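In: Here is a sequence together with a model predicted from it:
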Number of protein chains: 2
Amino acid sequence: MAAEGKGVVLLGAWASPFVIKVKIALSEKGVDFEDREEDLNNKSDLLLKMNPVHKLIPVLIHDGRPICESPIIVEYIDEAWSQGPTLLPSDPHERARSRFWADFADKKVIHSIRSAWFGTAEAQVTGKKELAEWMKLLESEIGEKAYFGGERFGHLDLSLVPYYWWFLALKKTLDLGSASELHLPKLEGWLKRCLLRGSVSAVLRDEDKLCELILQIRKKRLPAN
Amino acid sequence: MAAEGKGVVLLGAWASPFVIKVKIALSEKGVDFEDREEDLNNKSDLLLKMNPVHKLIPVLIHDGRPICESPIIVEYIDEAWSQGPTLLPSDPHERARSRFWADFADKKVIHSIRSAWFGTAEAQVTGKKELAEWMKLLESEIGEKAYFGGERFGHLDLSLVPYYWWFLALKKTLDLGSASELHLPKLEGWLKRCLLRGSVSAVLRDEDKLCELILQIRKKRLPAN
C-alpha cells in the first residue's frame, strides 16, 4: 500500500482550494503522486489516522509519513524536492510577503466565500462586500507585475489562483452584488497567464462542475432558498 | 522615527502569546528592537497603517517595512538575521513537523483557551476538556526529548512556551476541571529548561500580572460571574 510505504499519496477533494494549491505545487516540481479523492461525509480510516488532530484534507503522505495543513505542505514540497523551480522567493522580505498573502486567502477569502455562499442572510451581505474588497486588494497587490512574485510563476500564484477560480465560479452562479460588477483587468490577465501552465490548467478545468457543486451545496445548506 | 526609518520596532502587547513568540525569537537571534506596547482598545495609527488588512499585533517593522502574522514574523527573523542560532530545523520533514505544532497552538490551543476563559457556559466546558486533551497531546509529542526539536531549543519551543505559560496561569486562576489535575512531568521539565534561557525568562516573568489580567478580562466579558 503506497500510503504506508514508499511514494507520494495525496488525500484530497478535487474542488478544495487547499488541495488545488498542493496539486499545482506537486506538478510544478514534477512530483508523481497518487491522487486519492476523499468522501468528506465519510472520511477514510487512512485520513483519520494520518491527520488525527485536524481530520482535514489535504494530507500529503511521503514515504509513509504524513504532512498536514496546505501552507505547510506547499513549503514542504518546495524544500523536500530540489528538482523543478523554487516556489518561494529567496529574499526574506519577499518570502514573508508571499506567505502573508497566501495566509490572507486561507483566512479572509475563504471565510468570505463561505459567508457569501451559504451564510445567514446577514452574513451573505457581509461576505459579498468583503469578497469585493479582497479582490480589489489583490488587483492592487499584483499591479503591473506578470505574477504575484514578479516575472516568474511561484508560491503566491499557486496559493491564490484556486481562490480566484472560486470567485469567478461564485460570480457565475450567485448574485454577488457589487462584487459581480468589479472590473479586475490585472487579475484577469494574470489568470490567463497562469492557465497557460499545465500545472494550473489541469486542476482548474472543471468550472461547470464547480458551479454545479456550488449550487448543490447551497441548496443543501440553505433549504429555504 | 524608528518605525519609518532604519531599525527594528515591534508593535505588541505584553501578554499576547503571538507577541511573546516574536520577542523570544528576536532575543535568541540577538536582535535589538524597540518594544512598543499597543493599547488594543485604542490602536495606534502606526499599527493601522502597518497592518491595514488584519489590524492586529504583532507587527515587526524592519527598516520601515512591516511584517505581520506571528508565524510569518518568526520565520522572517530566522531568515533575515543570520547571526545567532538557526531557529527552524534544516530537515524538510522536521520543519513541517515544527510548523504543524506551532500552527496547532495558534489555532486549537488559543481557541480552547478563549472558550475556557470567557466562553458561554457550554463553551467553557468544551474549552476546558479540549485544553486537557491538547496538553496531553503535547506531553506525548515531547516525550523523552529535552526540547520539542530534540537536543536544542528552537522554533517549536518558542512557539509553544507562551501557550504553556498561559495554561499554567489559567490553571492557577480558574477551575479548569480535569485539566487542573493533569500530571505533565515532561512539559514541566521542558519549561524549567526553557526558563534557564534569558530569552524566555525575560518575557515569562510576570505570572502574577498575567493571572490578574485573566481575572480582569473574565470579569468584563462574563459580568454575570
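Out: That came in fine, so what should we check first? Numbering: from 1, shown residues only, chains lettered A, B, ... in the order given.
In: Please make it C-alpha for all contacts and neighbour counts, starting now.
Out: Will do.
In: Only alpha carbons, please: show stretch A:159-175 as CSV.
Out: What follows is stretch A:159-175, C-alpha atoms only, in CSV (Å, rounded to 0.1, in the frame of the first residue of the first chain):
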residue,chain,number,x,y,z
SER,A,159,-1.7,29.9,-3.4
LEU,A,160,-4.1,32.5,-4.8
VAL,A,161,-5.3,31.0,-8.1
PRO,A,162,-7.7,28.5,-6.6
TYR,A,163,-9.4,31.3,-4.8
TYR,A,164,-9.7,33.5,-7.8
TRP,A,165,-11.2,30.5,-9.7
TRP,A,166,-13.7,30.0,-6.9
PHE,A,167,-14.6,33.7,-7.0
LEU,A,168,-15.3,33.5,-10.8
ALA,A,169,-17.5,30.4,-10.3
LEU,A,170,-19.4,32.1,-7.4
LYS,A,171,-19.9,35.1,-9.6
LYS,A,172,-21.3,33.0,-12.4
THR,A,173,-23.6,31.1,-10.1
LEU,A,174,-24.9,33.6,-7.5
ASP,A,175,-25.6,37.2,-7.4
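In: Now it: buried residues?
Out: Of all the residues in stretch A:159-175, those buried under the rule 16 or more other CA atoms under 10 Å in any protein chain shown are A:159-167, A:169-171, A:173.
In: try stretch A:187-197
Out: So, applying 16+ other CA under 10 Å, buried residues of stretch A:187-197: A:Leu187, A:Trp190, A:Leu191, A:Cys194, A:Leu195.
In: that older thread, CSV for the buried residues of stretch A:159-175, including distance to chain B and pLDDT?
Out: Conversion of those to CSV gives the following (distance: CA to the nearest CA, whole Å; pLDDT from 0 to 100):
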residue, distance to chain B, pLDDT
A:Ser159, 15, 98
A:Leu160, 16, 98
A:Val161, 20, 98
A:Pro162, 20, 98
A:Tyr163, 17, 98
A:Tyr164, 18, 98
A:Trp165, 22, 97
A:Trp166, 21, 97
A:Phe167, 19, 97
A:Ala169, 25, 97
A:Leu170, 23, 96
A:Lys171, 23, 95
A:Thr173, 28, 95
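In: Out of these, which sit inside helices?
Out: With helices taken from DSSP state H, the overlap with the buried residues of stretch A:159-175 comprises A:159-167, A:169-171, A:173.
In: returning to that earlier point: ok, so of the buried residues of stretch A:159-175, who is nearest A:Leu210?
Out: A:Ala169 (6.8 Å; CA to CA).
In: Pull the contacting residues for that closest one.
Out: Contacts of A:Ala169 were listed using CA atoms under 8 Å, 6 or more residues apart in numbering or on different chains, and they are A:Glu207, A:Leu210, A:Cys211.
In: Roughly how far does it sit from A:Asp208?
Out: 8 Å (CA to CA, to the nearest Å).
In: So the longest helix seen in chain A, near chain B or not?
Out: Assignment by DSSP H gives helix A:121-142 as the longest helix of chain A. No: using CA under 8 Å from any CA of the partner chain, helix A:121-142 stays clear of chain B, coming no nearer than 9.3 Å.
In: Residues of chain A that sit close to chain B?
Out: With the criterion set to CA under 8 Å from any CA, chain A comes near chain B through A:67-69, A:72-73, A:75-76, A:79-80, A:92-93, A:95-97, A:99-100.
In: mind listing which of those are in strands?
Out: Counting by DSSP state E, the members of those that fall within strands are A:Ile67, A:Cys68.
In: So which of the residues of chain A next to chain B sit within helices?
Out: A:72-73, A:75-76, A:79-80, A:92-93, A:95-97, A:99-100.
In: low-scoring stretches of chain A, by residue?
Out: A:1-4, A:223-225 (pLDDT under 70).
In: got the domain boundaries for it?
Out: Domains of chain A are assigned by automatic domain parsing as A:8-80, A:92-221.
In: what's the spacing between the longest one and its chain's center?
Out: The one in question is domain A:92-221. 9 Å (CA atoms, centre = their mean, to the nearest Å).
In: what's the span of that domain from first residue to last?
Out: 43 Å.
In: Same question for the first one.
Out: Start to finish, the residues bounding domain A:8-80 are 12 Å apart (CA to CA).
In: what's the following helix or strand after the helix or strand hosting A:Arg193?
Out: Assessed by DSSP states H and E, A:Arg193 sits inside helix A:185-195. Under the assignment DSSP H and E, the closest C-terminal helix or strand after helix A:185-195 is helix A:198-201.
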